[in-house]
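Student: Can you look at this prediction? I've put the sequence above it.
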Amino acid sequence: MTPPTDSDTQRIPVRYWIWLFGAAVSLLGDLTMSFAIGWSATRHGGSVAGLILLLAAAPRAILLLVGGAVGDRYGAPRVLLVSCTAMFLVTSALVPATRAVGEPVWLLIILALVVGVIDAFFLPSSRAMPRLLVPPPQVPRALASFQVTGVVFAVTGTAVGGVLVNWAGLSAAAGFDAITFGIMIVVLLVLRNTIAPPGRMPAGMLRSIGAGIQVAFGRPLTRALLIMMTVAAGLLMPLDALLFPLLARDHGWDAATAGLLVASRSLGVGVIAVRILLRGAFPRPGIFAAVGLLVAAVGLLGLSVLDPLPLTFAAGVLSGIGVGTFTGHVLPLLMNSVEREFQSRLQSIVVLCQSIAIMIANPVLGSLADVSGIGITGVCLGIACASALTGCVVLTRPVLREAKVA
């Protein structure tokens, strides 16, 4: 993988590009697996699918603060290595399990619970890595490079997910995911001596967790960003795993087409990520984050009213442009709002807030999609209106309008 030639991005350490390769390959497997689980769950109806996704979020939410404190105490790379090894074993075991019993609801529930527990330790450490690998001024471009690379894998990953599900169901996706986790394990072993060990932390797990919470919610900018991201998570994060598969089924499309619909959103995210990678983030990132929510609302409006497949894909791309504008400016702003030694704990709080939002949103949105007279198109329309309202509220907050990345 060749780093960009821009003078600013040349200062990004080589170790980041090595990690990026492993993370992108792992993302390919994650997206394939996520799509496969979502597709298998929606076969049992929107309510059951929402319940299964809720069960994945519940253990993650309960253990996230512990996972973040463990990441800061023992080092994000070490915790990430253990988590990836656990996921490799789980996905490898899932292949013979699904071949033996199929894809019943009880197996999907067990899988959701196990993955949720592992994610509680995996996600905070994984999301802290860019801040640990690059200097603060390079965080926006580093995250953009991950998004650009990730979009390439996301477009292929969701398409591959659709093909694999059509071919051999969840077992094929699980086997593919295990291979990608194996690659990530090798990358982490290569990088194990390239990152400085974690700094000194308060004695005791509870004190460590308390210090992280105090930093996250005691600073006005960090607190405002967390609130904004929580609301956006409840509105936008259910799209790929729940709403897009339900939308595809409502139109009578197969799994491969549903995968391409998810990929269209990723393509829109990539458009913005390329711009940030080449030229840096826009000034006034808080304002552009709000603009991103407004653009995403327009895309979701298109998904709710458009029927022809090409126009639906175009609406998916537009929603992705909005999501990319939002995340591409909020995430660097959030990372640089706290010190390096708090990164895993901050990310655990971010994921916890998002998980709570998803725990509420998935069953509610899934149930509404089953209601006659609302359906999946009505759900998309409601999310569009709520996203636009959130963007307007963000524009009224001075702490967000005037925020700067560095």
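Tutor: Cool, got the structure.
Student: which intervals of the stretch 201-350 of the chain have sub-threshold pLDDT?
Tutor: Low-confidence segments of the stretch 201-350 of the chain, defined by pLDDT under 70: 201-203.
Student: so where do the strands sit in it?
Tutor: Using DSSP state E, counting those that start in this stretch, no strands are found in the stretch 201-350 of the chain.
Student: For the closest residue to V117 other than its chain neighbours, pull up the helix or strand it's in.
Tutor: Using Cβ to Cβ, 6 or more residues apart in numbering and skipping residues adjacent in sequence, the residue nearest V117 is P59, 4.7 Å away. Where C-beta positions appear, they are placed from N, C-alpha and C, glycine not excepted. Secondary-structure assignment from DSSP states H and E places P59 in helix 46-74.
Student: Which helix or strand lies directly C-terminal to that helix?
Tutor: Assigned by DSSP H and E, the successor of helix 46-74 is helix 76-101.
Student: Buried ones in that next one, by neighbour count?
Tutor: 76-88, 90-92, 94-95, 97-98 (16 or more other Cβ atoms under 10 Å).
Student: Identify the residues contacting the residue nearest the centre of the chain.
Tutor: Closest residue to the average C-alpha location of the chain: M237 at 7.4 Å, with Cα atoms, centre = their mean. Applying Cβ atoms under 8 Å, 6 or more residues apart in numbering, we find M237 in contact with Q354, A357, I358, A361.
Student: now those residues as a markdown table including secondary structure, pLDDT and distance to G204?
Tutor: Output for the contacts of M237, formatted as a markdown table (DSSP: H, G, I helix; E, B strand; the rest coil; pLDDT from 0 to 100; distance: Cβ to Cβ, whole Å):
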| residue | secondary structure | pLDDT | distance to G204 |
| --- | --- | --- | --- |
| Q354 | helix | 83 | 27 |
| A357 | helix | 86 | 29 |
| I358 | helix | 80 | 30 |
| A361 | helix | 85 | 34 |
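Student: quick one: the residue nearest to the centre of the chain from I209, how far?
Tutor: 24 Å (Cβ to Cβ, to the nearest Å).
Student: What of A314?
Tutor: Applying Cβ to Cβ, the value for A314 to I209 is 45 Å.
Student: And for G322?
Tutor: Distance, G322 to I209, by Cβ to Cβ: 34 Å.
Student: same thing with S344?
Tutor: With distances taken as Cβ to Cβ, S344 is found 11 Å from I209.
Student: who has more neighbours, those two?
Tutor: Legend: neighbour count by other Cβ atoms under 10 Å for S344 and I209, higher for S344 (32 against 19).
Student: Give me the spatial nearest neighbour of the more buried one, chain neighbours excluded.
Tutor: In space, S344 comes closest to G71 once its chain neighbours are excluded; the distance is 3.1 Å by Cβ to Cβ, 6+ apart.
Student: What confidence value was assigned to that neighbour?
Tutor: Per-residue pLDDT puts G71 at 86.
Student: give me the number of residues near it?
Tutor: As a burial measure, G71 scores 30 neighbours (other Cβ under 10 Å).
Student: wait, it sits on S348?
Tutor: Yes: contact criterion Cβ atoms under 8 Å: G71 and S348 qualify, at 7.3 Å.
Student: what residues are shared contacts of the two?
Tutor: Residues touching both G71 and S348 (Cβ under 8 Å, 6+ apart) are P124.
Student: quick one: contacts for the closest residue to F326 other than its chain neighbours?
Tutor: Take F326 and drop its neighbours on the chain: the residue closest to it by Cβ to Cβ, 6+ apart is G292, 3.3 Å away. Residues in contact with G292 (Cβ under 8 Å, 6+ apart) are I272, I321, G322, V323, G324, T325, F326, T327, G328, H329, G391.
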